[in-house]
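J.: structure for this input, please:
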Amino acid sequence: MFINTNIAAVNSQRHLYNANSSLDKTLEKLSSGMRINSGADDASGLAMVEKMQAQVQGLTTSVQNTQDGSALFKIAEGALNQVGKMLARMEELAVRAGNKTLTDSDRITMKDEINQLVDQIDVISSNTEYNTIKLLNGNLDVKKIVVQTNGTAGSIRVLKTPGTVKAADKLSLSITTVGSAAVATGAIAAFGAAVPIGQSNVIMLNGVEINVASADTVDTVLSKLNEQNSRTGVVAVKSPAPGNTVNLITGVLDPDASNVMGVGSTSVNGSALGYLTVGTAATITLGGSTNIWSALGFNGALTNYFASGTNAAGLFSGINMVGKGSVLEMQNSGSPAYGLQVGVGMYNGAYGGYILADCALATAINHLSVAGDSINVSLDVSNKLELQIGANYMQKISYSIASIDSSNLGMGASTKFSSLAQVDISTVEFAGISLKVVQQAVKDVSAARASMGAVLNRLDYTDKTLQVQRENMTAAESKIRDADMALEMSSFTKQQIVVQAGTAMLAQANSKSQTILQLLK
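T.: Model prediction:
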């Protein structure tokens, strides 16, 4: 037996120390509610939950960002709603001004109201803002610089720069094909007198029946053909004598075309009948009485005169653009100009060329653009509205908002009035043309509102998705970090008993040495 070293006491003390350490850790977990309070508790678990905690905080902020974005677009869409109401009133006034029961003074009064509405649209465009950010004045739109490097200036125009485009500097667009209309030309000159058929009959143009009387002249038949233009999509013209050849051209009869200016001209071309309809969708088919068609100069088999137009084609930095009529669109997602739309052969906002009356086919179709014309396009996307809708790098969406001022609404509807800013209802003729511009402006605003509505729906789903992600991320973090209170309480009770037992045994070990004193008596 030894008195110098009490091994039993040392052993008891060690076990008691370990039991106290375990009890302290359990107390820490119970008091904090967390299983992991330091890296020593679970090194790998701590690394995971810290990243998850950062993600949760990032998702919380992303939810706020998304809601801020929704608020911004709601303000813009609400302003456009008011613009739409004003345009509806302008359309009402333009329709009213086209009625000849009104006097010129009546129209001047209505013109004053239209001018006030146009001014108010510009005010809305300038003043609509969110957090001092101007929304509808073009500040959030893609900035584009177009330089014509070959061809008539202004004949190639950028029509649409959606939010899908990226930054680009002086990318070259070259036209390889100008879209053409469908054309059917009589092989011989048409008769100048009455159509020598001896009786009335029916001819068909693009499936539309036209009744021809035996006394009708060629000019009468052409007038009947043009009366059906809204149904056939074809304009009938005749070249001057001595040719007298009948030409059928896909297009739209429109008195507004008389305001177009030819290449290099500074005055309007009053003999223009209408605008061309170009592209592969433009077709001409003949049917019905072969005798009448023969009298009009189409003396072969009618199927020989079937005609179809062609779409415009072009290369943008070596990538083919997809043509539809006179519009080229970049549909290759690898191009920085993805979604860009370009109009070819533009006339003061109207595109596709025009048709001249009483002229030979060679001059009946007029384009400003020809193959080989080119432009350089630079795109600046730095002003696009970017929303950080995720907790990680590059989890963003970006949008552009075009200007809705009067100089940008209604473009392309008329040659006389290039935009809503120029509408004039002071005469019956002007009122009709202005109506076209106003109706195009309605379409422009409706398209902008539809786009914003789609954005708002996306942001709404994004908001809900982020909140679900935040909830699930928090739950995942909880499973790793949080303490199981029932388990820890059971462990606490066990360790408390062990500490009590260890304390008692240490006391017994310390008193054990005292028995040796009995030997020293």
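
J.: any chance you could map the helices in the stretch 51-200 of the chain?
T.: 104-127 (DSSP state H, counting those that start in this stretch).

J.: now the stretch 251-400 of the chain
T.: 290-295, 361-364.

J.: pretty sure R89 contacts L117?
T.: Yes: using CB atoms under 8 Å, R89 makes contact with L117 at a distance of 6.3 Å. The C-beta positions use only the backbone N, C-alpha and C, and glycine is treated the same way.

J.: re earlier: and the helices of the stretch 251-400 of the chain, which one averages the lowest pLDDT?
T.: With a mean of 60, helix 361-364 has the lowest mean pLDDT of the helices of the stretch 251-400 of the chain.

J.: tally of neighbours for S398?
T.: Neighbour count of S398, defined by other CB atoms under 10 Å: 13.

J.: report the beta-bridge partners for it.
T.: According to DSSP bridges, the residues that bridge with S398 are E386.

J.: which one of R89 and L117 has more residues nearby?
T.: Taking other CB under 10 Å, R89 and L117 do not tie; L117 has more neighbours (21 against 14).

J.: and the most centrally placed residue in the chain, how far from A447?
T.: To find the centre residue of the chain, average its C-alpha atoms and take the closest one (CA atoms, centre = their mean): that gives P162, at 5.0 Å. Remark: distance between P162 and A447 (CB to CB, to the nearest Å) = 11 Å.

J.: and what of S180?
T.: Going from S180 to A447 by CB to CB gives 28 Å.

J.: between those two, which one's more packed in?
T.: Remark: of S180 and A447, S180 carries more neighbours, 25 against 11, as counted by other CB under 10 Å.

J.: quick one, longest strand in the chain?
T.: If you go by DSSP state E, the chain has its longest strand at strand 168-177.

J.: what's the burial count for A43?
T.: Count around A43 with other CB under 10 Å applied: 10.

J.: before we move on, what about A483?
T.: 20.

J.: and if you look at N244?
T.: 16.

J.: pretty sure it contacts T217?
T.: No: if you go by CB under 8 Å, N244 and T217 don't touch, sitting 11.6 Å apart.

J.: tell me where the protein is predicted with low confidence.
T.: Scanning the chain for pLDDT under 70 picks out 1-3, 192-200, 262-265, 347-352, 362-365, 520-521.

J.: how does it look with 50?
T.: Applying pLDDT under 50 to the chain flags no residue at all.

J.: which elements pack onto the longest strand of the chain?
T.: On a contact count with 3 or more CB pairs under 8 Å, 6 or more residues apart in numbering; DSSP states H and E, strand 168-177 meets strand 313-316, strand 374-380.

J.: go again using 10 Å as the cut-off
T.: strand 143-150, strand 156-160, strand 313-316, strand 319-324, strand 327-329, strand 341-344, strand 374-380 (3 or more CB pairs under 10 Å, 6 or more residues apart in numbering; DSSP states H and E).

J.: which non-adjacent residue is nearest the residue nearest to the centre of the chain?
T.: Once flanking residues are discounted, P162 sits nearest to G339: 4.1 Å by CB to CB, 6 or more residues apart in numbering.

J.: rewinding a little: out of the helices of the stretch 251-400 of the chain, deepest packed?
T.: helix 290-295 (a mean of 20; mean count of other CB atoms under 10 Å).

J.: from N201, how far off is E209?
T.: Counting by CB to CB - E209 and N201 are separated by 10 Å.

J.: now stretch 208-219: buried residues?
T.: Within stretch 208-219, the residues scored as buried using 16 or more other CB atoms under 10 Å are 208, 210, 212, 216, 218.

J.: export those residues to TSV and tack on distance to F191?
T.: As requested, those are exported to TSV (distance: CB to CB, whole Å):
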residue	distance to F191
V208	23
I210	17
V212	13
D216	11
V218	6
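
J.: format those as a markdown table; extra columns: distance to L302 and secondary structure.
T.: Formatted as a markdown table, the buried residues of stretch 208-219 follow (distance: CB to CB, whole Å; DSSP: H, G, I helix; E, B strand; the rest coil):
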| residue | distance to L302 | secondary structure |
| --- | --- | --- |
| V208 | 14 | strand |
| I210 | 14 | strand |
| V212 | 15 | strand |
| D216 | 19 | coil |
| V218 | 17 | helix |
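
J.: kindly indicate which of the residues you listed lies nearest Q500.
T.: V208 (105.1 Å; CB to CB).

J.: got any residues that touch both of R89 and L117?
T.: V438 (CB atoms under 10 Å, 6 or more residues apart in numbering).

J.: show me the residues around K464 that make contact.
T.: 63, 66.

J.: what helix or strand does it sit in?
T.: Counting by DSSP states H and E, the element that carries K464 is helix 428-481.

J.: next secondary structure after that helix?
T.: helix 485-512.

J.: was I right about G318 contacting S335?
T.: Yes: judged on CB atoms under 10 Å, G318 makes contact with S335 at a distance of 9.4 Å.

J.: mind listing the shared neighbours of the two?
T.: Here G318 and S335 share the contacting residues L171, scored by CB under 10 Å, 6+ apart.

J.: looking at those two, which has the bigger crowd around it?
T.: S335 (20 against 9).

J.: what's the closest non-adjacent residue to the more buried one?
T.: Per CB to CB, 6+ apart, closest to S335 is I319, 5.2 Å.

J.: how about the contacts made by the one you found?
T.: Contacts of I319 by CB under 10 Å, 6+ apart are 171, 173, 330-332, 334-335, 337-338.

J.: against A295, how distant is A241?
T.: 17 Å.

J.: just M52 next, same as before
T.: 85 Å.

J.: what does E92 give?
T.: According to CB to CB, E92 and A295 sit 47 Å apart.

J.: help me confirm that A295 comes into contact with A190.
T.: Yes: contact between A295 and A190 holds when scored by CB under 10 Å: they sit 6.6 Å apart.

J.: quickly list what's touching both of the two.
T.: Shared contacts of A295 and A190, defined by CB under 10 Å, 6+ apart, are found at 217-218, 221, 246.

J.: could you report the neighbour count for T109?
T.: 13.

J.: pretty sure it is in contact with Q116, am I right?
T.: No: with contact defined as CB under 10 Å, T109 does not reach Q116; the gap is 11.4 Å.

J.: and Q467, what is it in contact with?
T.: 59-60, 62-63, 66.

J.: for it, give its distance to L59.
T.: Using CB to CB, one gets 8 Å for the distance from Q467 to L59.

J.: same check on G318?
T.: 42 Å.

J.: do V327 as well
T.: With distances taken as CB to CB, V327 is found 42 Å from L59.

J.: repeat that for Q518.
T.: 74 Å.

J.: those two: who's more crowded?
T.: Neighbour count, other CB under 10 Å: between Q518 and L59, L59 has more, with 24 against 7.

J.: mind listing what the more buried one touches?
T.: 389-392, 465-474 are the contacts of L59 under CB under 10 Å, 6+ apart.

J.: hmm, 7 Å instead?
T.: Going by CB atoms under 7 Å, 6 or more residues apart in numbering, L59 touches 391, 466, 469-470, 473.

J.: now do V322
T.: Contacts of V322 (CB under 7 Å, 6+ apart): 329, 331.

J.: partners of it in the sheet?
T.: Here V322, judged by DSSP bridges, has bridge partners E329.
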